[in-house]
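# dropping the sequence and predicted coords here.
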Amino acid sequence: MDALTLTFRRRGATLMLRRERTPEGVALVALESGRPRTFVFSHVSQLVRFQRDLEDFLRRTGWTLADAPTADAPADAAPAAVDDADALRLTLAEEEVGARR
């Protein structure tokens, strides 16, 4: 998995999303104003689906992509270009609701 970092901005706030390998599988690390949140997945396809949903949520709530993706892959590679029908579909709101239970 290639390292990929995206930066979003809204009203002076910055949110960075970064993919990382972990002993459990793969993770999406969201860093907002110095506070990290880590979402761990056993399969890359799950991470990709979650990241796509998260990016859609961010755009709907006023966040904009601050700069082009930086990656070891070609610059035109979309961060969520893979669509796996068996992937776990999560949204940020669902994740937060599940974490409170």
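That came through, no problem.
# now for residue 64: which residues touch it?
For residue 64, the contact set (C-beta atoms under 8 Å, 6 or more residues apart in numbering) comprises 8-10. C-betas here are computed from N, CA, C, even on glycine.
# go again using 6 Å as the cut-off
residue 9 (C-beta atoms under 6 Å, 6 or more residues apart in numbering).
# got it, and residue 26?
Residue 26 neighbours (C-beta under 6 Å, 6+ apart): 41, 44, 47.
# buried set for whichever helix in the chain runs longest?
Assignment by DSSP state H gives helix 44-60 as the longest helix of the chain. The neighbour-count check on helix 44-60 (16 or more other C-beta atoms under 10 Å) flags 44-55, 58 as buried.
# just to revisit the earlier point, nearest to residue 63, of the contacts of residue 26?
Nearest to residue 63, judged by C-beta to C-beta, of these is residue 47 at 19.1 Å.
# could you pull up the residues touching the closest one?
Taking C-beta under 6 Å, 6+ apart, one finds 26, 28, 41 in contact with residue 47.
# nearest spatial neighbour of it, chain-adjacent residues omitted?
Leaving aside its sequence neighbours, residue 47 sits nearest to residue 41 (C-beta to C-beta, 6 or more residues apart in numbering; 4.4 Å).
# bridging across strands, which residues link to that neighbour?
On the basis of DSSP bridges, residue 41 is bridged to residue 26.
# wait, isn't it in contact with residue 25?
Yes. Counting by C-beta atoms under 6 Å, residue 25 is a contact partner of residue 41 at 5.5 Å.
# who has more neighbours out of those two?
residue 41 (22 against 14; other C-beta atoms under 10 Å).
# sweet, I'm off.
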